[in-house]
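J.: Sequence and predicted structure below; questions after.
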Amino acid sequence: MADIRRASTSELQAGEIASLRELLWGAFADDADGFGEHDWTHALGGTHVLLEADGLILSHAAVVERDLKVAGRPVRTGYVEAVATRVGQQRHGYGSSVMREVRDIIVEQFELGALGTGVFAFYEPLGWEHWRGPASVRTRDGEVRTPDDEGYILVLRTPSTADLDLDLPISCEWRPGDVW
């Protein structure tokens with residue numbers, strides 16, 4: 001029997017952090033870009049959703065607040081990072097269970113959920129939609145388009161953004177590593 005729990009980064013124990021790092025690096029080992037330190041850093045500081053069985057973390061996702069703007073208007077956004085299921089435990093519904101809990105966090109605490117991915121078939125049945133408008137990153141020198149990220153940004157609308165136009169421009173703050 002698997003249990004799901006929420007934990008802030010500060011609540012994670014050293015052993016849990018080690019287990020998460022092992023899970024994440026292992027789950028993305030076959031990915032061309034892999035999982036790196038920037039990816040790990042992006043997942044810190046928010047709420048971690050952990051699916052555990054017999055003391056082992058089987059699946060994980062983190063929701064961190066990001067400074068996204070839609071058509072220049074700030075939208076309180078829960079950004080989803082570090083979604084993965086332990087190698088050998090995939091395709092058992094663990095990731096979907098974690099993402100349903102993530103959805104609850106986003107609806108409870110944010111106006112919008114967002115994430116960057118190329119794995120659409122996993123997220124779309126869970127209510128995630130493609131952002132269709134142009135994307136950019138805000139830098140010290142101004143806003144810079146990120147056309148390579150367009151088509152890879154998914155959003156989860158909440159009751160407060162149910163009518164949000166997904167064709168409007170969207171922007172995020174700059175950060176090291178993948179900006180989206």
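T.: Everything's here; your move.
J.: For the residue nearest to Gly127 when sequence neighbours are not counted, give its distance to Arg138.
T.: The shortest distance from Gly127 to any non-neighbouring residue, by Cβ to Cβ, 6 or more residues apart in numbering, is to Leu156 (5.8 Å). Heads up, the C-betas are built off the backbone N, CA and C, glycines and all. Applying Cβ to Cβ, to the nearest Å, the value for Leu156 to Arg138 is 22 Å.
J.: right, and Gln89 touches Ser59 too?
T.: Yes - assessed by Cβ atoms under 8 Å, Gln89 is found in contact with Ser59 at 7.2 Å.
J.: Quick one: the helices in this structure, in order.
T.: Counting by DSSP state H, one finds helices in the chain at the ranges 14-27, 37-42, 94-109, 120-123.
J.: Single out the most deeply packed of those.
T.: helix 94-109 (a mean of 18; mean count of other Cβ atoms under 10 Å).
J.: Out of the helices of the chain, the one nearest Ala84 is which?
T.: Proximity to Ala84 (Cβ to Cβ) singles out helix 14-27 among the helices of the chain, at 3.7 Å.
J.: between the closest one and helix 94-109, how many degrees?
T.: With axes from the mean of the first three to the mean of the last three Cα atoms, to 10 degrees applied, the angle from helix 14-27 to helix 94-109 works out at 120 degrees.
J.: now for helix 14-27, which elements pack on it?
T.: Helix 14-27 sits against helix 37-42, strand 47-53, strand 56-70, strand 73-85, with contacts defined as 3 or more Cβ pairs under 8 Å, 6 or more residues apart in numbering; DSSP states H and E.
J.: Distance to Glu124 and mean pLDDT added to the ones you listed, as a markdown table?
T.: What follows is those, written out as a markdown table (distance: least, Cβ to Cβ, whole Å; pLDDT from 0 to 100):
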| stretch | distance to Glu124 | mean pLDDT |
| --- | --- | --- |
| helix 37-42 | 22 | 96 |
| strand 47-53 | 19 | 97 |
| strand 56-70 | 16 | 97 |
| strand 73-85 | 14 | 98 |
